[in-house]
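**Student:** sharing a sequence plus its predicted fold:
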Protein chains: 4
Amino acid sequence: MQIGFIGLGHMGGPMAANLLKAGHALTVFDLSEAALDEAKQNGATLAASPRAVAEASEVVVTMLPASAHVKAVYLNEDDGVLAGVRPGVPLIDSSTIDPATARMIGETARARGNPFADAPVSGGVVGAQAGTLTFMVGADEALFETLKPVLAGMGKNMVRCGETGTGQIAKLCNNLLLAISMIGVAEAMKLGESLGIDPQKLASIVNTSTGRCWSSDTCNPYPGIVPNAPASRGYSGGFGADLMLKDLGLAVDAARQAKQPVFLGALAQQLYQSMSQQGLGGIDFSGIIKLYGKE
Amino acid sequence: MQIGFIGLGHMGGPMAANLLKAGHALTVFDLSEAALDEAKQNGATLAASPRAVAEASEVVVTMLPASAHVKAVYLNEDDGVLAGVRPGVPLIDSSTIDPATARMIGETARARGNPFADAPVSGGVVGAQAGTLTFMVGADEALFETLKPVLAGMGKNMVRCGETGTGQIAKLCNNLLLAISMIGVAEAMKLGESLGIDPQKLASIVNTSTGRCWSSDTCNPYPGIVPNAPASRGYSGGFGADLMLKDLGLAVDAARQAKQPVFLGALAQQLYQSMSQQGLGGIDFSGIIKLYGKE
Amino acid sequence: MQIGFIGLGHMGGPMAANLLKAGHALTVFDLSEAALDEAKQNGATLAASPRAVAEASEVVVTMLPASAHVKAVYLNEDDGVLAGVRPGVPLIDSSTIDPATARMIGETARARGNPFADAPVSGGVVGAQAGTLTFMVGADEALFETLKPVLAGMGKNMVRCGETGTGQIAKLCNNLLLAISMIGVAEAMKLGESLGIDPQKLASIVNTSTGRCWSSDTCNPYPGIVPNAPASRGYSGGFGADLMLKDLGLAVDAARQAKQPVFLGALAQQLYQSMSQQGLGGIDFSGIIKLYGKE
Amino acid sequence: MQIGFIGLGHMGGPMAANLLKAGHALTVFDLSEAALDEAKQNGATLAASPRAVAEASEVVVTMLPASAHVKAVYLNEDDGVLAGVRPGVPLIDSSTIDPATARMIGETARARGNPFADAPVSGGVVGAQAGTLTFMVGADEALFETLKPVLAGMGKNMVRCGETGTGQIAKLCNNLLLAISMIGVAEAMKLGESLGIDPQKLASIVNTSTGRCWSSDTCNPYPGIVPNAPASRGYSGGFGADLMLKDLGLAVDAARQAKQPVFLGALAQQLYQSMSQQGLGGIDFSGIIKLYGKE
């Protein structure tokens, strides 16, 4: 298939490489010369603008840092995707952005005759490299079926969440909960340690009880509890605190627009903000436990 | 075995009944005539005081509402357990109290020659009736082995958490996390609903993703997601919000004494307090979702 | 003086009327026919667009609901203020918006040769009507002196806060603190009441002690403490909770962009959001005390 | 007057010294030899126990660290104040403790025929030394009049708050608000600084606007704003963060017992706890601003 790919960063780079490995032909665009060079060596054709990518493609995938970039790449009247794409060509945005922008772009694309899906991912850089990402897809049934073969080149799981925008909603809601439960585990582990229970013992009890959660049984923030978790290797790898902070910002902002209070979510955001201010934004988000005193 | 049992309330009543069914002989005490009558009909022998219970028993089990009752029952110089118990008779307190009190009573008992275990439970009234409670036990290895046959008459799982007090610590830390993650799920579900994703779909995504937790996959607070969860039957049954509030109070208080901040835990406590103030303290704690607007 | 005025709402309407009363000639624009009619009856000249207002004026004042409106009114290429204003004509925006947008518009205006001041107000509708507003002005010294006679037609106090944007910063920071201290007073008053002290007595002690603040001595949220405060007349009049919520949103958002945690500010925002969700967004923000149970 | 004084610490020491200076005869007790020596040099008579103090006095004043000490000093059956005091002798407790304990001791004392007043102070060590303390007094009118001459020897202001316990309630409620508003000022000042307004300018605006409060105009936490505030001398002197943490603990605990949520109060407590955990418990509580990043 002739696929266009825009955005070749830490996530987009390996995703594009996997599409090439899967046998697709790729036309790509990025602002970084280095990223373009690498894509070229992998066999991609370079294009001079998002518009040029779109003109050459049967399907377009975008993977960008934030809403502003997504708007610019799709909507720029001179050289944006919608300025050049042929009617009927489906568009997939895998960036994590606010649901309202996803919907707006979806409507604009549809008005031009282009089906649009928001398809943010979970799995991180490791999943992007290994081709094991999970896609949370906002698309109608027919479009979802059409896009599956493309997504299958980059990931392992594809979940249809509903119509346009629901992929972003699912991701934000999941990460809101994740941000909170990680702090909950950090507080429980540090409290237990302070009171004198063996942290390993505490974790094993929690993990078979009502406190069990991914943040405790798979990514426990206390060092040494889960051997291959970021906490056990100095909080390296994993999901950076600043990325979590970005997603929390989107979630709390979406809540504000929906006039929905999120008490713990808002406080969690401030705690990750404090972690970032202390220079810890680059380590795994489970490093939030460092706010709770020495290990 | 000749077992003494003190405290025949919603939890203690069925626990005592199960010990009788398991073939043990029981001597019991409670302040409620009705509770004593029921125990008598089940085959228990009534005693006039905690001391009288202790004098007649090879092991003593207590199941009381709060620290003050536990102190009074064990330490009263005239008619308390320690005033009458024979040296060497092991003592089990299954009440949920603060770890410091558990340790103090343990030390006092040991000084008199009586081994003491704190063994708070999870599983609620349903688990107490069905004999499927989990015991979190603070006791040395030898005592734990000695007590297993007694606990087996009332529950299914027994976990040794460490020395005296660690049973209480494990329970408080687990419930601190549980209180937080339940609110996290409530915020995520209500946010998703407000933004327009199908709640059932959202829950299924979260439950296979990094947000998964007991509060989402087993006791989801959104009505209709988990068929037999309290939320799906008007928040009846389950673990009452006022009981969660009591446990959170113990956890946050223990944190204060340990000089350990618990940001989300303290805010969670206030949210359950608000729920209780609004007259909802009697429903399942997953009813906290009602603070987030109409369903 | 020949003044242009754009935005004739609850605040802008009376502000324009006061400028007319002060003897200035006004050219005005608004989207509401009714607002224009009233301005005309007061003696203003109507214009067909912001551009037309600007073309006719020696100074332009804008009073708009939010950043999006301010951007549109100043920057629209066809009929915006900057499309028509003569070089050298000073511009005053009295809307409450984010500091970054204020700075951006200021720079754009200056590049065209027009001095720009952000001058948000405090004092509310009552102050706008009485001509007793306070202006927090972001402008250099010379511009500030130039604008004083115009501002003097609408308010009593003019404070220069620094360069462009600082007027907005001062307002947001003040209102962040105000939002927090009002909740602090509400918690103190309700706690005192619950514990059994006379609320009037408590307020009088606080007001001569270290807890004293405007929210306690001038706008106490407990009914009957300050005779002419909103709380003493059913929370009518005053500063609506939804307006406070808007300002808090701007403050917390600006904090996010500045990577500055605001723990209490973020929680305060959620509490006012909850108040709004319960249908109380229209009453004075001191009505936040209603979240704390019955009076 | 023949006054008994128990508790000669940082506060009680200078208070007793001032009573001696005012011409009263003092009989004193403390556990510290050094404190007793100093009192003796100042002219006090030493006693061997609280009971002995009480037996020798026409009025008894106590100034102790916490509820537990107050209970012990008044209620110990062997050597407590109530074991020795003559009927009719009035008792004044100036410690800061929970209102429930104050009431309990008051009732016990009255049952023995001794009027009791809770009279916690504000003003700190500096006020104690200068004799300028403020007393918040829980006592009936007649008792209040009786005690005034004694209190006048140690302070400048005496406020009657209502019946027994209301002195403590007033102090806790005031300090709850103070703890919150100080953090509010810290957040506003740091946000303003981050956004680029001159902190001195911001403070002067806030102090003449709706954000004004003691924490801003008298004890501003930003260094250099108020010349003689603790923040301007390295946060030395003033009201130590650990003392504020103690008072907040009493307030939040009293709220729990009254089933009254205190959202900001509980979060404030955790923030001061975090400050204390970072080793800053000994500096003035306005040092909370250090949690918000570098100055």
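**Tutor:** Arrived safely, thanks for sending.
**Student:** so who does the spatially most central residue of chain A touch?
**Tutor:** In chain A, the centroid-proximal residue (CA atoms, centre = their mean) is residue A:121; its distance is 4.5 Å. For residue A:121, the contacting residues are A:11, A:94, A:127-128, A:133-136, A:155, by CB atoms under 8 Å, 6 or more residues apart in numbering or on different chains. All C-beta atoms are positioned from the backbone trio N, CA, C, and that covers glycine.
**Student:** most neighbours, which of the residues you listed?
**Tutor:** Neighbour counts for these (other CB atoms under 10 Å in any protein chain shown) peak at residue A:135, which has 29 neighbours.
**Student:** helices or strands up against the strand or helix carrying that one?
**Tutor:** Secondary structure assigned from DSSP states H and E places residue A:135 in strand A:133-138. For strand A:133-138, the packing partners by 3 or more CB pairs under 8 Å, 6 or more residues apart in numbering or on different chains; DSSP states H and E come out as strand A:116-118, strand A:121-122, helix A:141-152, strand A:155-162, helix A:166-195.
**Student:** out of these, which is closest to residue C:108?
**Tutor:** Nearest to residue C:108 among these is helix A:166-195 (32.0 Å), distances taken as CB to CB.
**Student:** does that closest one reach chain C?
**Tutor:** No - if you take CB under 8 Å from any CB of the partner chain as the test, helix A:166-195 misses chain C, and the best it gets is 13.0 Å.
**Student:** where do the strands sit along chain A?
**Tutor:** A:2-6, A:25-29, A:45-46, A:59-62, A:91-93, A:116-118, A:121-122, A:133-138, A:155-162 (DSSP state E).
**Student:** neighbouring contacts of the fifth one?
**Tutor:** Outside strand A:91-93, the residues within contact range by CB under 8 Å, 6+ apart are A:59-62, A:64, A:70, A:74, A:81, A:85, A:102, A:105, A:109, A:114-119, A:147, A:150-151.
**Student:** and stretch A:203-222, end to end?
**Tutor:** In stretch A:203-222, first residue to last residue: 9 Å (CA to CA, to the nearest Å).
**Student:** quick check: buried residues in it?
**Tutor:** Residues A:203-207, A:209-217, A:219-222 are the ones in stretch A:203-222 that count as buried (16 or more other CB atoms under 10 Å in any protein chain shown).
**Student:** that stretch close to chain B?
**Tutor:** Yes - for stretch A:203-222, a contact with chain B is found by CB under 8 Å from any CB, at A:205-206, A:208-216, A:218-219.
**Student:** and of these, the nearest to residue B:185?
**Tutor:** Nearest to residue B:185 among the residues of stretch A:203-222 next to chain B: residue A:213, at 9.8 Å, using CB to CB.
**Student:** dig out what that closest one forms beta bridges with.
**Tutor:** Beta-bridge pairing for residue A:213 (DSSP bridges): residue B:213.
**Student:** per-residue pLDDT, the residue nearest to residue A:96 when sequence neighbours are not counted?
**Tutor:** Spatially, and ignoring its direct neighbours in sequence, residue A:96 is nearest to residue A:120 (4.6 Å; CB to CB, 6 or more residues apart in numbering or on different chains). Note on residue A:120: pLDDT of 98.
**Student:** and residue A:120, how many neighbours does it have?
**Tutor:** Residue A:120: 26 neighbours (other CB under 10 Å).
**Student:** other residues contacting the strand holding residue A:135?
**Tutor:** The contact list for strand A:133-138 (CB under 8 Å, 6+ apart) reads A:15, A:94, A:102, A:106, A:117-123, A:127, A:144, A:147, A:151, A:154-171, B:205, B:209.
**Student:** drop anything exposed from those residues.
**Tutor:** For the contacts of strand A:133-138, buried by 16+ other CB under 10 Å: A:15, A:94, A:102, A:106, A:117-123, A:127, A:144, A:147, A:151, A:154-155, A:157-171, B:205, B:209.
**Student:** follow-up on the earlier one: closest to chain C among the contacts of residue A:121?
**Tutor:** Ranked by distance to chain C (CB to the nearest CB), the contacts of residue A:121 are led by residue A:11 at 22.9 Å.
**Student:** check contacts around the nearest residue to the closest one once chain neighbours are set aside.
**Tutor:** Sequence neighbours aside, residue A:128 is the residue nearest to residue A:11 in space, at 4.8 Å (criterion: CB to CB, 6+ apart). Shown in contact with residue A:128 (CB under 8 Å, 6+ apart): A:10-15, A:18, A:121, A:154.
**Student:** enumerate the residues of the stretch 51-200 of chain A near chain D.
**Tutor:** By the rule CB under 8 Å from any CB, no part of the stretch 51-200 of chain A lies against chain D.
**Student:** quick one: low-confidence ranges for the stretch 51-200 of chain A?
**Tutor:** For the stretch 51-200 of chain A, no stretch is flagged by pLDDT under 70.
**Student:** mind redoing it with 90?
**Tutor:** Applying pLDDT under 90 to the stretch 51-200 of chain A picks out residues A:123-126.
**Student:** related to what we said a few turns ago, can you list the strands of chain A in a markdown table and add distance to residue B:267?
**Tutor:** Listed next are the strands of chain A as a markdown table, based on distance: least, CB to CB, whole Å:
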| stretch | distance to residue B:267 |
| --- | --- |
| strand A:2-6 | 41 |
| strand A:25-29 | 45 |
| strand A:45-46 | 51 |
| strand A:59-62 | 38 |
| strand A:91-93 | 35 |
| strand A:116-118 | 32 |
| strand A:121-122 | 27 |
| strand A:133-138 | 29 |
| strand A:155-162 | 29 |
